[in-house]
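[1] give me the fold of what follows.
(6 chains)
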There are 4 protein chains.
Amino acid sequence: MKTKRSRIKTDSKLSGITARPGRPRSTTSHTAILAAALKLLRKKGYRSVTIEGIAAEAGVGKQTIYRWWPSKAAVVLEAFARYTTGRITMPDTGNVRGDLEAFLVQAFDMLTRESGQLVRSLMSEALLDDEFAVSMRDIFIASRRSALREILNNGVERGEVASDADIELTIDLIYGPMWYRLLNNHAPLDLKFAEQLSEMIAGFMGRPD
Amino acid sequence: MKTKRSRIKTDSKLSGITARPGRPRSTTSHTAILAAALKLLRKKGYRSVTIEGIAAEAGVGKQTIYRWWPSKAAVVLEAFARYTTGRITMPDTGNVRGDLEAFLVQAFDMLTRESGQLVRSLMSEALLDDEFAVSMRDIFIASRRSALREILNNGVERGEVASDADIELTIDLIYGPMWYRLLNNHAPLDLKFAEQLSEMIAGFMGRPD
Amino acid sequence: MKTKRSRIKTDSKLSGITARPGRPRSTTSHTAILAAALKLLRKKGYRSVTIEGIAAEAGVGKQTIYRWWPSKAAVVLEAFARYTTGRITMPDTGNVRGDLEAFLVQAFDMLTRESGQLVRSLMSEALLDDEFAVSMRDIFIASRRSALREILNNGVERGEVASDADIELTIDLIYGPMWYRLLNNHAPLDLKFAEQLSEMIAGFMGRPD
Amino acid sequence: MKTKRSRIKTDSKLSGITARPGRPRSTTSHTAILAAALKLLRKKGYRSVTIEGIAAEAGVGKQTIYRWWPSKAAVVLEAFARYTTGRITMPDTGNVRGDLEAFLVQAFDMLTRESGQLVRSLMSEALLDDEFAVSMRDIFIASRRSALREILNNGVERGEVASDADIELTIDLIYGPMWYRLLNNHAPLDLKFAEQLSEMIAGFMGRPD
DNA sequence: GACTAACCGAGACGGTACGTCCCGTCTTAAG
DNA sequence: CTTAAGACGGGACGTACCGTCTCGGTTAGTC
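    Alright, predicted model coming up:
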């Protein structure tokens, strides 16, 4: 998420610089906006959500939104980020393949049952707006990648995975098919797919010989 | 592409079905619209292209566009489909891995040098519009998948690939990473990636034992 | 009513000249158009009636309408003219005042119960289109004026009215208030008004001294 | 003229009613719109004037027009009302007939030389739109009627006119013929007609016997 | 306790594009 | 040559939102 000033303000606590003068940002409005965004998303879908609609639903002036977010996509992204924070739990089955499968099952489940359409909407926006794409990569994609990275690195430490394996490539080989199915909807993100993917990756990585 | 009525026009003499009454569709306008769409796309990018703009550029009434296409995305998709028709050439190197690599090099090259942004735009639309997503799958995705399918089936015939291999899954494993990089732009679609993908797939499929 | 060719054709029967070659004008379509126009007028009001709507309702091509009438107003005017033909009956009470009152009662009644809104619509068009105004004057206004003229001239012959009375002015003094109320709708076209008008006119004309 | 909300804004200090929130209506735009409407009317005639054209000419968004007026006719009516405000001057010749003649000469002159076509256009609209007709009656017709009413009432006070005369009917008898000629254009609104009308009315009213 | 600054709601503003309606013209095949 | 059908270029409609602006009013810290 990008705001015009928020970082400055966030720093003030740490740096001991006193708060800027004037009325401080209303947390009530802030949360009301995010809640409204989420609600409207569910009810009408991303395309039909408008800044004007969010403002009305939140009982807030449009300017208050524009002051803190650059676009509708940014609001939605923050709302979604808040919503999913802490939802990723790291599995610990003892081996890479098990961890991977558990992780994918969890991810597929969430995308299938809850946030799939929302993630699609956000990606849709990212495809047309480079600045937003950066935000999305920073906030959303990066954290998912690093979760996988951790799983794979654990495998390296355990000796299951060759130490010179190309981790980043491997992550692409895992998330790639997942996104492909998510976006194209031509085949399900189900248990079987999680197994197949995990098996493939295990085969790909597991040959240090 | 979706039109309101089938353009199938069987031989009236034989079938007894007479041609539709009324002035026939203008091929001049049809091509002018597609040309205008392509031109504006290059000049201004998908988001800035409007139906109104295409109509003006093509010297055509807006209604003429709305009569034959349901949305801006549909026009662009048809324009793009025409543009790329016949551009996919099937490689013949004698083995699956070689064919695959050659095919991917070709595909990556085109996406990187020419049509990447356009494909991203179309996918963006497909993510928000299910009806359009179907069109896109039918016109664009399907033909790419069947190209890969042919390559893999050739491998089965040659005995390089196990006869019980899951071809559709394999296609996902190839196109998935390609799309993932295309959409997220976090790593290049380069020669090296083509090699890596081909190797991985060869490894994945090539063990009938 | 103005048509581009109808008079030529009308003459051909009389002059013995054989009909023009080609398919003759369809009387079926002609009457269907007028009927459709009248039907739509009643259902939706003049403003909402369109050439396209009439054509559809009549099961006729638009061109067929444009070939024979210059505008929607012309179609409506002809439909209305047909509808009212022969509806004006001349009263004969023996004196000007009685004739006038009877005539006005009849006219007011028709405008109030049936054709008021339609006449208003036609006048509306005439106010913006000079060519149509001429048609309307020829077809509609003129016949009403000559009816009154006859009544007044009968009075002159009987000696009730001064022979040098300004008949045309008098007609204006009668129809003026009638139209004024019809258009402004601020007061009714009722029996009392017919009496008052007749009395006023009798007073105005009846003093040859 | 009809606006969506009353612009009555009583003194907030006294009444305790605070001003409406939000950015106040722009007087600049308001006047620019009326000026543009008048200008376009003169240049192109009522039928060719469009809301879009007025907006462009005034340098204003279309919505700004739609926010405050329900139709093109309403804009034009307000523009015209402003334009004619204070143009009616009451004559004082000492007797009803003189006053009437002077008043009519003035009115005929204005309609003939300046505003005739505009008034016809407005009436055209009023004939098809009841809501607008009410506006027009309130703003335009009513003020003209009350001018005449004053002249006639003066006559009653002076004893020239019978005290039980039907003033409203008399007004119809005067304005009726005027409108009739204005609308049908079959005879001029000239000096002679003003005399004839005045004479007729004087005869009609001036018999207290 | 006044002053100042930034916030807030409300909503009007100039704009752009939408998708629709209908205009009057045209181009077919059929009669 | 007319007809029904219906596509065509075009113009305007009235609406939805955009992102900006301008009000009155609120809520803090600073003088």
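[2] how many residues are close by whatever residue of chain A ends up closest to chain C?
    Nearest residue of chain A to chain C: A:Ser48, at 30.8 Å (C-beta to the nearest C-beta). The C-beta positions use only the backbone N, C-alpha and C, and glycine is treated the same way. A:Ser48 is flanked by 11 other residues according to other C-beta atoms under 10 Å in any protein chain shown.
[3] roughly how far does the residue nearest to it when sequence neighbours are not counted sit from B:Asp129?
    Leaving aside its sequence neighbours, A:Ser48 sits nearest to A:Leu40 (C-beta to C-beta, 6 or more residues apart in numbering or on different chains; 7.9 Å). Relative to B:Asp129, A:Leu40 is positioned 18 Å away (C-beta to C-beta, to the nearest Å).
[4] what do you get for A:Val161?
    Applying C-beta to C-beta, the value for A:Val161 to B:Asp129 is 41 Å.
[5] neighbour count winner among these two?
    With neighbours defined as other C-beta under 10 Å, A:Val161 and B:Asp129 compare such that A:Val161 has more, 24 against 19.
[6] quick check, pLDDT for the more buried one.
    With respect to pLDDT, A:Val161 has a value of 91.
[7] output the lowest mean pLDDT helix or strand found in chain A.
    helix A:6-15 (a mean of 34; mean pLDDT, DSSP states H and E).
[8] C-terminal to it, what's the next element?
    Tracing the chain past helix A:6-15, the next element assigned as helix or strand by DSSP states H and E is helix A:27-44.
[9] how many residues are close by the residue in chain A that DNA strand E sits nearest to?
    At 1.9 Å from DNA strand E, A:Gly22 is the closest residue in chain A, using C-beta to the nearest atom of the strand. If you count neighbours by other C-beta under 10 Å, A:Gly22 ends up with 6.
[10] OK, contacts around the residue in chain A positioned nearest to chain D?
    Among the residues of chain A, A:Gly61 lies closest to chain D, at 9.5 Å counting by C-beta to the nearest C-beta. Going by C-beta atoms under 8 Å, 6 or more residues apart in numbering or on different chains, A:Gly61 touches A:Ala55.
[11] same check, this time on A:Tyr66
    By C-beta under 8 Å, 6+ apart, the neighbours of A:Tyr66 are A:Ile51.
[12] what's the neighbour count on the closest residue to A:Leu152 other than its chain neighbours?
    Of all residues not flanking A:Leu152 in the chain, A:Ile167 sits nearest, at 5.2 Å (C-beta to C-beta, 6+ apart). Using other C-beta under 10 Å, A:Ile167 has 18 neighbouring residues.
[13] next: A:Leu152.
    A:Leu152 is flanked by 23 other residues according to other C-beta under 10 Å.
[14] and it, what pLDDT?
    So A:Leu152 comes in at 95 (pLDDT).
[15] for chain B, see how far away it is.
    15 Å (C-beta to the nearest C-beta, to the nearest Å).
[16] what of A:Leu100?
    From A:Leu100 to chain B the distance is 14 Å (C-beta to the nearest C-beta).
[17] quick one: contacts for A:Pro188?
    Contacts of A:Pro188 (C-beta under 8 Å, 6+ apart): A:Thr112, A:Arg181.
[18] which residues touch A:Leu111?
    A:Leu111 neighbours (C-beta under 8 Å, 6+ apart): A:Val119, A:Met178, A:Leu182, A:Leu189.
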